[in-house]
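Novice: Pasted the sequence and its predicted model underneath.
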Amino acid sequence: MKIDKKYSTVLFALFMSLPMDFAMTLTMTALMTGLDPGFPLRFAGGFLIGFIVGFPTSLAVIPVVRRTVNKMAR
């Protein structure tokens, strides 16, 4: 399946923010609250909030980072 190139930034942000939010939420929830029977529910809630914040942040930051890297790279 091919997706139109105009959606590449959105897809890039989605595919970067999902695993990053997952890993960060998993790690921080485990460190801060421990692994007990309530962990999966706390993790799910934290992941949802993290994704709600992380995905739009990625959308905003990716173009800035690309321009900055392009200016720095030869």
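Specialist: Received it, and whenever you're ready, just let me know what you need.
Novice: Do I have it right that Phe55 meets Phe15?
Specialist: No - assessed by Cβ atoms under 8 Å, Phe55 is found out of contact with Phe15, at 10.5 Å. Yep, even glycine has a C-beta here, placed from its N, CA and C like the rest.
Novice: The two: who's more crowded?
Specialist: In terms of neighbours (other Cβ atoms under 10 Å), Phe55 is the more surrounded of Phe55 and Phe15; the figures are 17 against 11.
Novice: Spell out, range by range, the helices that occur in this protein.
Specialist: Counting by DSSP state H, the chain has helices at residues 8-33, 39-72.
Novice: mind listing what's buried in the last one?
Specialist: Neighbour-count burial for helix 39-72, with 16 or more other Cβ atoms under 10 Å as criterion, is recorded at 42-43, 46-47, 50-51, 54-55, 58, 62.
Novice: quick one: that helix to helix 8-33, angle?
Specialist: 130 degrees (axes from the mean of the first three to the mean of the last three Cα atoms, to 10 degrees).
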